[in-house]
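>>> How does the following fold in three dimensions:
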Amino acid sequence: TSFIGIGGLGKTRLTLWMCICQILGRPWCGIDTGGTPQLCLILSTESGLRRWKKDLEKMFSSLSEAERDKVNTYLSVLALTNDEEGDLNLGDEGNRERLRVTLKNLDPGIIIFDPFSDMIDGDENSAADLVATLRTLRSIQRTVAPSAAAVIIHHARTGANNVAQAGDNFSAGNFGRGSTALYSRVRCEFQLAPGDRDNPNLLVLASGKNND
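Okay, here's the model as predicted:
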């Protein structure tokens, strides 16, 4: 699954809340979640400890103590402590090996990669580079976490015309930034865009693709 959105709208926060909803069996943005609680692993190079703490405190404020304990059991988030540990570029063998070890040790049911642009080995506008990166990622996942679901967070193109393409079946594949190869390779895509020029609190969450 890919989750594409305009920068600054809250893709990471919405994905964090999606993980919490899945763990607790709650609906997410009006969409039912299902299955048993999954260990959710969030690998993000854009959020530091202060931001995670702030977001989780707000989200936990509406949960009971038992629910908070359950989320703490099933949620794992990358802690950015130095530049090396925050590097997820798949062009580096050391990074690939650290990813293998992490997935093997934790055995997550859901893996969040955020943002995908930091993982691409090469140019995000190159279909060849993007597809090669996805193949590398899929190869690692199949080897050490074959049953996990992967959610790839990526930035959308900017500008009013591109924002209007969110949820547009005729232009859905053009919403994401860079090569459209990502859209063609995923089976499902969520798209997040502003819903009003003057109201920053109104967002549009649309389905850009769903093959199931």
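
>>> Now do the buried residues in the lowest-mean-pLDDT helix or strand in the chain.
Least confident helix or strand of the chain, by mean pLDDT, DSSP states H and E, is helix 160-163 with a mean of 85. Neighbour counts over helix 160-163 (16 or more other C-beta atoms under 10 Å) mark 162, 163 as buried. Glycine gets a C-beta too; all of them are placed from N, C-alpha and C.

>>> Output it in PDB with nothing but the alpha carbons.
The C-alpha coordinates for helix 160-163 follow below in PDB (Å, rounded to 0.1, in the frame of the first residue of the first chain):
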ATOM      1  CA  ALA A 160      -3.400  23.500  -7.300                       C
ATOM      2  CA  ASN A 161      -3.800  21.300 -10.400                       C
ATOM      3  CA  ASN A 162      -2.000  18.400  -8.800                       C
ATOM      4  CA  VAL A 163      -3.900  18.700  -5.500                       C
END
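
>>> Which secondary structure elements does that helix sit against?
Other helices and strands packing on helix 160-163, by 3 or more C-beta pairs under 8 Å, 6 or more residues apart in numbering; DSSP states H and E, are absent; none qualifies.

>>> Which helix runs longest in this structure?
Across the chain, the longest stretch assigned as helix under DSSP state H is helix 127-144.

>>> The following helix or strand past that helix pairs with which strands, parallel or anti?
The first helix or strand that comes after helix 127-144 along the chain, using DSSP states H and E, is strand 149-155. Strand pairing for strand 149-155, using DSSP bridges, gives strand 2-5 (parallel), strand 110-114 (parallel).

>>> what angle sits between strand 149-155 and helix 127-144?
150 degrees (axes from the mean of the first three to the mean of the last three C-alpha atoms, to 10 degrees).

>>> Straight-line length of stretch 110-130, end to end?
Taking C-alpha to C-alpha, to the nearest Å, stretch 110-130 runs 22 Å from one end to the other.

>>> average pLDDT for it?
Averaging pLDDT along stretch 110-130 yields 94.

>>> Check the offset of that stretch from the chain's centre.
In terms of C-alpha atoms, centre = their mean, to the nearest Å, the centre of stretch 110-130 is set 12 Å apart from its chain centre.

>>> my guess is residue 100 meets residue 143, correct?
Yes. Judged on C-beta atoms under 8 Å, residue 100 makes contact with residue 143 at a distance of 7.0 Å.

>>> Tell me which stretches of the protein form helices.
Secondary structure of the chain by DSSP H: the helices cover 11-24, 49-60, 65-74, 93-106, 127-144, 160-163, 181-185.

>>> one step back: next, format the strands paired with strand 149-155 as JSON lines and append distance to residue 180 and mean neighbour count.
Formatted as JSON lines, the strands paired with strand 149-155 follow (distance: least, C-beta to C-beta, whole Å; neighbours: other C-beta atoms under 10 Å):
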{"stretch": "strand 2-5", "distance to residue 180": "11", "mean neighbour count": "26"}
{"stretch": "strand 110-114", "distance to residue 180": "18", "mean neighbour count": "24"}
